[in-house]
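Output the structure for:
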Amino acid sequence: MNIIDLENDRISLIQKLNENVHDRIKLFLISEYFALVLSTKNKIVIEAFTTEFIEHYAVLLQNTIPNFVHPKSFSQIIILSKELVNNISIEEIKNKLSYSIEIFSVKFEELRKILNGEVLDINENKIKFPVIEKFENENILNSGFIETISISLKFTNEKNKFIIIPSNANLEEKLSDQINISWNSAINFLQSFMKSKSKFYEVIIQFDQKSVNYIGNSFGTAITVLFIQKLLDLSNADYTINIKPGIVITGGINKNNEILSVSSDVVEKKTELVFFSAEQTFVVPKKDEIAAQLKLVELQKEFPKRKISIIAVESLEDLFNRRNLVEIKKLSLVKKTSRKIRRNWKAVVIILPLILILGFLLYRDWDDNPAILESSENSIFVKNKSGKVLWSRKMGYNPTMVKYETYFRYYQKLVDINNDGINEVILANEDISELNDKTNFRRIICLDKNKNEIWNYNFKDTITTNLQKMNTIYSSFLIDTVTIQNKKSLVCVANNIKSYSSAIFQLDLKTGKRVNSTLWNAGFITNGIIFDFDGDGKKELIGNFVNNGFEQAGIMQIEIEKLSGQCPTTSNYQYKYLPIADLEEYILFPKTDYTHYINQRIEGILCGGTLHRSEENKILVNVEMDMNKASIHYYYNYLLNNFEIVIGNEFRVMRDSLVVQGKLKPPLTDTEEYCNLLNSQIKYWNGEEFVYRRSLD
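Reported below is the predicted structural model:
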């Protein structure tokens, strides 16, 4: 692609971004343009043609909810954004974009959980309806989003007045007609419920996310229910009507209160966007039920664990008769009082702040349940949920590691060990000044809400190889809690302070006693994450390690219930009398020519700072070299059992300078050729020996 074409694309993008389209469309538009620019592989061109859009793009990443379309679309955006970061030299812009990518990735992780069968808590009970987005560019997804409506009513002595926000001088006729039909349906439906009646109302209707002009009437049922809710509230009726959380409704409504079809094509598109969201129930017109169910079956072929139901209704009465969808109940005295307070809000406004301040101060002082753990460079602060510090403790944190957000989770856990509603605090790596017995250095300790010790444990196992018997001085850290056969345990790691032996072991959460078996490794284990990675209902541990026998770093994967035996290594480093563990994966990363050049024995993986889930189905591992100044980023896809390699900037500069000087052989570092070379040298344990990836295919 030449510069003239890129300039035309740049001008075209500016014009499109000025159109009245939803932010999600803008995000796809910019990412499509960025992909074209990145395809030039020219950093000068990339910076010249992307800089003016990056700040807007970063804001869109932060504000866009990565739902409503197939996750592969958002995975591509994350990959493209990271590639863009690697091609920008301006540090401030890189930092802004990297921060936005992190926020976007965290939100995207929620969709991955939903599609994997998790049901997220939805406390919001706003009435929701799906909206289809359309855009003239065929390369941009015609997706949609889930909209909510806010309505306020007040009595008036004049004729009914409907105010639409955002306002539109040319309000689409079908939409306007539906608002009037829905209003009359709500009024007629409530004749027997309403105590006080008014002939006229001023009705303010706000589409909360509106950024385009809506067409059609498929929001009719949703707005009718909302009208009914607000009229009941304003008329001081004895009953309330609420749609339960996690429900999305589509379909217009006619003057006979029948719910109208939205057409097969439209309901299929709306089923798809609800499927790729956190919602749990999609209510459709009865005539569209078959189309919606067929689309759901199609989607669940790819994501069989996604939990969602489709319910078809024929009329407003049919909807209100379903107690799994609608809650109708008589108001309690408290609720009635709250209504009166709202109507006399001016007097309440004067005294309420004083009551709230007094209540907050009293609650803040009385609440002694640990709810928040905050750490500084050398201390941990235990707080209640109001932020009051209950107590603190000095910790022996590594000052070079506190910059990593993930570091502290390996040394502190907030857990209700006995299900009494009161949290306990589990710590590892206390400062030695906190210990009465200095030999308990690097123990694990469980403290109650008043800082009283419940139990402590110090790992002191003995283990022997063909060459030596290891000493029993270990430093421990925490990975996570698990529940196996209704028993809660804490999964921990112990690394020998004076030698290379390491172990993964478990403690009973209530007593602090050792339970189950132990997995040993000939080299430090540095990080760990526990999750059901393969979706089989059993939790696995994915961890980083170094293997002193092979003098290589790597990543392992093993079921929690199979933590037993030892990891493979060379004969001199094998532990006596221990079988090889039943590992799902044990993978060795290659030593680079740069590592050999600087005479570094093993490339390292920092303890507690470099392993985290980066995006769908992927774990990021940072392999560090040259005193942590240089690194290679391995993105491990634990479902496909392969790696995407990204070269760190510092490593690229250091190695390329040696290549240019003729001290190391080409290719240059940040190239596809070099990444493929590294990938071809990764070794996989097949249960008997290490093989290369091509041998597994």
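
isn't Ile65 right up against Phe108?
No - using CB atoms under 8 Å, Ile65 is not in contact with Phe108; the gap is 9.3 Å. (Glycine included, C-beta is placed from N, CA and C.)

Between those two, tell me which one has more neighbours.
Each of Ile65 and Phe108 has its neighbours counted (other CB atoms under 10 Å); Phe108 has more, 21 against 18.

So in that sheet, which strands flank the lengthiest strand in the chain, and in what orientation?
Across the chain, the longest stretch assigned as strand under DSSP state E is strand 144-156. Looking at strand 144-156 with DSSP bridges, its partner strands are strand 128-132 (antiparallel), strand 200-207 (antiparallel).

Mean pLDDT lowest where, among those?
Comparing mean pLDDT across the strands paired with strand 144-156, the lowest value falls on strand 200-207: a mean of 83.

Who are the packing partners of the very next helix or strand once past it?
Next in sequence after strand 200-207, counting helices and strands by DSSP states H and E, comes helix 220-234. Judged by 3 or more CB pairs under 8 Å, 6 or more residues apart in numbering; DSSP states H and E, helix 220-234 is in contact with strand 128-132, strand 144-156, helix 173-189, strand 239-243, strand 247-249, strand 252-253, helix 316-320.

tell me the angle helix 220-234 makes with strand 239-243.
Orientation check (axes from the mean of the first three to the mean of the last three CA atoms, to 10 degrees): helix 220-234 against strand 239-243 gives 150 degrees.

Just put the helices and strands packed on helix 220-234 in TSV and tack on distance to Tyr407 and mean neighbour count.
Formatted as TSV, the helices and strands packed on helix 220-234 follow (distance: least, CB to CB, whole Å; neighbours: other CB atoms under 10 Å):
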stretch	distance to Tyr407	mean neighbour count
strand 128-132	39	24
strand 144-156	37	16
helix 173-189	53	17
strand 239-243	44	16
strand 247-249	40	25
strand 252-253	54	26
helix 316-320	51	18
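
returning to what we had before: next, report how far the longest strand of the chain is displaced from the centre of its chain.
How far strand 144-156 lies from its chain's middle: 29 Å, per CA atoms, centre = their mean, to the nearest Å.

ok, residues contacting the helix or strand that comes right after that strand?
Tracing the chain C-terminally past strand 144-156 and defining elements by DSSP H and E, one meets strand 161-165 next. Identification of contacts with strand 161-165 by CB atoms under 8 Å, 6 or more residues apart in numbering yields 171, 179-180, 183, 200-207, 210.

please redo it, this time with the cut-off set to 10 Å
150, 152, 154, 171, 175-176, 179-180, 183, 200-208, 210, 214 (CB atoms under 10 Å, 6 or more residues apart in numbering).

Next, the angle strand 161-165 makes with the longest strand of the chain.
Using the same axes, to 10 degrees: strand 144-156 against strand 161-165 is 150 degrees.

hang on, the earlier thing: Asp265 is nearest to which of the helices and strands packed on helix 220-234?
Closest approach to Asp265 among the helices and strands packed on helix 220-234 (CB to CB): strand 128-132, 9.8 Å.

CA-only coordinates of that closest one in CSV, if you can.
Extracted in CSV, the C-alpha atoms of strand 128-132 (Å, rounded to 0.1, in the frame of the first residue of the first chain):
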residue,chain,number,x,y,z
LYS,A,128,-33.4,-3.9,28.5
PHE,A,129,-34.0,-4.4,24.8
PRO,A,130,-31.6,-5.3,21.9
VAL,A,131,-30.7,-2.8,19.2
ILE,A,132,-29.2,-3.7,15.8
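
just to revisit the earlier point, now tabulate the strands paired with strand 144-156 in CSV and tack on distance to Gly535.
What follows is the strands paired with strand 144-156, written out as CSV (distance: least, CB to CB, whole Å):
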stretch, distance to Gly535
strand 128-132, 27
strand 200-207, 38
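
Could you name the stretch from those strands that's closest to Ile122?
strand 128-132 (9.9 Å).

From the chain's centroid, how far away is the closest one?
With CA atoms, centre = their mean, you get 23 Å for strand 128-132.

Common neighbours of Ile65 and Phe108, please.
If you check Ile65 and Phe108 against CB under 10 Å, 6+ apart, the residues they both contact are Phe74.

tell me which residues of the strand or helix carrying Tyr636 are tucked away?
According to DSSP H and E, Tyr636 maps onto strand 630-637. Neighbour counts over strand 630-637 (16 or more other CB atoms under 10 Å) mark Ala630, Ser631, Ile632, His633, Tyr634, Tyr635, Tyr636 as buried.

Equivalent analysis for stretch 568-579, please.
For stretch 568-579, by 16+ other CB under 10 Å, it's Pro568, Thr569, Tyr573, Gln574, Tyr575, Leu578.
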